[in-house]
Each structure stands twice: as structure tokens, then as C-alpha cells.
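>>> Please find the sequence and the predicted model below.
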Amino acid sequence: MRSYRSSLAVVVVLALATTSARADEVAQFAGTTDTYVAKPEWSVIGPQTVAPGRNMLSFGIGWPGIDLSYYVGLIPDLNVGIHAGLRWAFQGKVDEVGLGLQPQLAVKWMAYHNDRVWIGLNAEIGPGFYFSNPTGYGLSMPIGLAVGVAITKRVAATATLDFPLYFSFGGPQSMPQPFRISMPILLGGGLEYFIWNNFLIFGRAKLGPSLDWVGSAPNGWTSRVGFSWELSMGVGYRF
């Protein structure tokens, strides 16, 4: 009986050692010394920022396009970066499908946070180029408010209110376009799941009315109301 108990103890010790070694391997792959996620510490779609000296890279795909973003922690609670968007619809409208490109400078500020709730603002600015329906160029200035909540150690939920403001200055001489102001009002949210401390997957959706003004001061303005929506999923990596 004593021999049996000794053998059982050896088996348990070996199993624990193997499990610990495997956890170290996963942690090394994930870029962290601890696979245990105490709570969400950063976010792609939420207001949480990365710490000074850290970086964040994200990729998303869906409607109305593909998004690639890079942020760096500048000071506590403030990140700056770049965002490139490849679009196949203008402002997420199903009745204005066309190829476009929007490279932008981006800033993300976490205004308030405690152990479970985060509130922040984000803003971007950069040129916009659309090659069909509508053809033209302009200036993109989206701004937004985000509220994030830790649901579990690995899951965070975010509610968002976005105003992706866009000024269209016209198009080439062969296809001139009137001056246009487009401002969708998008209410939405999303979820993030942390596979490791430094790697997450996300999904998000936004929808709402789009207010457009077309024309010029001398000739008058025409206003119209449309509908815009966004739906995407992707991954984020902190390093």
C-alpha cells in the first residue's frame, strides 16, 4: 500500500510539472509571463488604452471595408496612432457602393476608469479618396464616445456613439461633384474576448441615420437623410 501511495504521488507531481511547463510555453508564445487574465487591460473597440511604451495593432474586416490600426502609448491614458481604411461603400451606405481609401491620424483618450468601467473619446483626421459612386476626394473627421465594461476576466463589452463626419470637396474635371457634408450618427457596441493577455478577438456593430447636405452657399443646399451601418470582426495584438 505504501508503494502504491508513493507511485501515485510521483504521478501527480509529474502531471503538475508538465502542466506548468505547458503554461510557460503558451505564455512565452503570447508574449507574457502569465497566461492568467486578471481583467481586460486594453481594448481595440473600447476606451481602454495601452500603457506608455506599449503598442497595439489591430485588423478588422466586414462592412463597409477593411481596417488596419496601429497605436502607441504616449502618456498614461492617451494613445496616438494611424488608421487605414479600405472602403467598398461610402459612409457604410448600401445605396452608395464604391471603392475608397481613408488614411488617418488617430488619437484615443481614456477619460475615466475604475476596476470595471472605462469611458473614453476617440478622434481621427485624414484625407478620403473615392474612385466610384461617388467619385471624389475629401476630408474625414470621425469622432466618437465609448463606454467599456468588464463582463468577466476575459470578456469586455463596449457601447459606442460615433459621428464619422466627412467633407467631400468634389471630383476630377471629367466627373465634377458638388460640395457635400455627410454625418452619420451611429449607435452600436461590441464584444472582445481575450485569448491571452496580449491577444484578443472582437466583433462590433453600429447603425443609424446619415445626415447629408449637398450644394454650395450661392446655389443653396439640399438636405437628405439616409441610413448607414457597420459590421465587422477582427483581432488585436498588444506588444
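Great, that's in hand. Residues are numbered from 1 along each chain as shown.
>>> which residues touch residue 111?
By C-beta atoms under 8 Å, 6 or more residues apart in numbering, the residues touching residue 111 are 47, 77, 119, 120, 121. For the C-beta atoms, the positions are set from N, CA and C on the backbone; glycine is no exception.
>>> and the residue nearest in space to the middle of the chain, what element?
Centroid-nearest residue in the chain: residue 45, 3.8 Å away (criterion: C-alpha atoms, centre = their mean). Using DSSP states H and E, residue 45 falls within no helix or strand.
>>> show me what contacts it?
Shown in contact with residue 45 (C-beta under 8 Å, 6+ apart): 146, 158, 160, 190, 192, 202, 204.
>>> Which single one of the residues you listed is nearest to residue 180?
Among the contacts of residue 45, residue 160 lies closest to residue 180 (C-beta to C-beta), at 24.6 Å.
>>> count of neighbours near the closest one?
The tally of other residues near residue 160 (other C-beta atoms under 10 Å) stands at 22.
>>> Show me what it is bridged to.
In this entry, residue 160 is beta-bridged to residue 146, residue 188, by DSSP bridges.
>>> if I read this right, it contacts residue 187, doesn't it?
Yes. Counting by C-beta atoms under 8 Å, residue 160 touches residue 187, with 7.4 Å between them.
>>> Tell me the residues that contact both of the two, please.
Common neighbours of residue 160 and residue 187 (C-beta under 8 Å, 6+ apart) are residue 206.
>>> and the gap between residue 184 and residue 164?
Counting by C-beta to C-beta, to the nearest Å, the gap from residue 184 to residue 164 is 6 Å.
>>> Show me which of the two is the more surrounded one.
residue 184 (25 against 22).
>>> Look up which residues are beta-bridged to that one.
Residues in beta-bridge contact with residue 184 (DSSP bridges): residue 210.
>>> Need the residues touching each of residue 184 and residue 164.
Contact criterion C-beta under 8 Å, 6+ apart; residues shared by residue 184 and residue 164: 91, 228.
>>> hmm, back to that, could you pull up phi and psi at the residue nearest to the centre of the chain?
The phi/psi pair for residue 45 (degrees, to the nearest 10) reads phi -100, psi -10.
>>> Okay, and residue 101 sits in which element?
Secondary structure (DSSP H and E) places residue 101 in strand 100-113.
>>> What ranges does the protein have for its strands?
Along the chain, the segments classed as strands by DSSP state E run 55-63, 65-75, 78-87, 100-113, 117-131, 135-150, 155-170, 180-184, 186-196, 199-216, 220-238.
>>> Quick one: closest of the ones you listed to residue 93.
With C-beta to C-beta as the measure, strand 220-238 is the member of the strands of the chain nearest residue 93 (5.5 Å).
>>> circling back to that earlier point, between the contacts of residue 111, which is closest to residue 231?
Taking C-beta to C-beta as the measure, residue 47 is the one of the contacts of residue 111 closest to residue 231, at 20.7 Å.
>>> Skip the chain neighbours and tell me the closest residue to that closest one.
Excluding its sequence neighbours, the residue lying closest to residue 47 (C-beta to C-beta, 6 or more residues apart in numbering) is residue 120, at 2.6 Å.
>>> Any idea how many residues pack against the one you found?
Per other C-beta under 10 Å, the neighbour tally for residue 120 reads 24.
>>> One more: residue 146?
Residue 146 is flanked by 25 other residues according to other C-beta under 10 Å.
>>> Next, the buried residues of stretch 42-51.
Applying a neighbour-count criterion of 16 or more other C-beta atoms under 10 Å, one finds 42, 43, 44, 45, 46, 47, 48, 49, 50 buried in stretch 42-51.
>>> ugh, typo on my part, it should be stretch 114-133
Applying 16+ other C-beta under 10 Å to stretch 114-133 flags 118, 119, 120, 122, 124, 126, 128, 130 as buried.
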